[in-house]
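> Next come a sequence and a model predicted from it.
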Amino acid sequence: MSSTRRMGSQDSATSNALLDATERVLRNEGYGAATSRRIAAEAGVKQQLVYYYFRTMDELLLATFKRRTGHALARLAEDVAAERPIQAIWNNLTSHVDGKLVFEFVALANNHEGIRQEVERYIVESRRLETEAIARQFKQRGADTGPVTPRAAAFLMYCISLVLRREAATGITEGHEDVLALMDWALDRVS
């Protein structure tokens with residue numbers, strides 16, 4: 001007799017509703033509120049369905065994060081293929097990165113080995129793609145970037161956009177216009 005229990009399809013409407021609900025709970029209430037009961041209520045399903053589709057809450061949280069990183073890498077692939085990849089990457093970072101949700105997943109990574117590994121995998125892969133695209137644009141434009149290497153540019157763009165989005169999500173915008181103007185000025189130098 002097998003000890004494996006039947007699991008629901010990971011690409012079903014209910015499974016996706018649970019992933020969506022997990023994101024909303026994390027974003028709006030923080031990871032401390034991410035319980036099976038709370039997520040089921042947010043998704044409008046019975047709590048037992050959480051464990052029908054995901055064996056554990058850790059599995060649900062990891063699946064939620066992997067889905068986000070999958071979407072992010074797909075968007076990044078489009079950005080790096082653009083004629084002006086640096087600007088495309090910057091526009092994506094400043095308009096699509098969910099600062100609150102990113103910080104919740106980073107907090108979860110402190111105690112969740114699977115999420116920590118996925119954070120590392122995603123950062124390494126996205127930084128590699130960004131660095132290659134930035135290097136290509138620097139070379140095509142013959143840009144004198146001084147000590148700013150493509151890898152440093154990728155890192156700085158990510159960090160700046162993340163802090164801007166996180167602060168804006170909490171209502172802080174002091175200095176944001178100045179930073180955005182500085183970034184526009186810097187990006188114009190390499191385009």
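Done, it's in.

> what's the first-to-last distance across stretch 163-183?
With CA to CA, to the nearest Å as the measure, stretch 163-183 spans 14 Å from end to end.

> Only the buried residues of that stretch, if you could.
164, 165, 166, 183 (16 or more other CB atoms under 10 Å). Where C-beta positions appear, they are placed from N, C-alpha and C, glycine not excepted.

> average pLDDT for that stretch?
Average pLDDT, stretch 163-183: 93.

> which outside residues touch that stretch?
Identification of contacts with stretch 163-183 by CB atoms under 8 Å, 6 or more residues apart in numbering yields 90, 94, 97, 98, 99, 100, 102, 103, 157, 160.

> For ChimeraX, write the selection for the buried entries among these.
Only the buried entries of the contacts of stretch 163-183 go into this ChimeraX selection, using 16+ other CB under 10 Å:
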select :90,94,97,98,99,102,103,157,160
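
> burial of residue 184, as a residue count?
Neighbourhood size, residue 184 [other CB atoms under 10 Å]: 11.

> what about residue 82, how many residues close to it?
Residue 82 sits with 15 neighbouring residues when counted by other CB under 10 Å.

> Kindly state the pLDDT recorded for the nearest residue to it once chain neighbours are set aside?
Using CB to CB, 6 or more residues apart in numbering and skipping the chain neighbours, the partner closest in space to residue 82 is residue 88 (3.9 Å). For residue 88, the model assigns a pLDDT of 96.

> wouldn't residue 88 be in contact with residue 76 here?
No. Residue 88 lies out of contact with residue 76 (CB atoms under 8 Å); the separation is 9.1 Å.

> Of these two, which one has the most company?
Set side by side, residue 88 and residue 76 show more neighbours around residue 76, with 23 against 19, by other CB under 10 Å.

> Can you give me the distance of that one to residue 123?
12 Å (CB to CB, to the nearest Å).

> sorry, back to before: and of the buried residues of stretch 163-183, the nearest to residue 16?
Closest approach to residue 16 among the buried residues of stretch 163-183 (CB to CB): residue 165, at 24.3 Å.

> Where do the domain boundaries of this protein fall?
7-55, 59-189 (automatic domain parsing).

> Show me how far the shortest one is from its chain's centre.
Spelled out, that is domain 7-55. 19 Å (CA atoms, centre = their mean, to the nearest Å).

> what's the answer for stretch 124-138, then?
Averaging C-alpha positions (CA atoms, centre = their mean) puts stretch 124-138 17 Å from its chain's average.

> what do you get for stretch 83-101?
Taking mean C-alpha positions (CA atoms, centre = their mean), stretch 83-101 and its chain are 11 Å apart.
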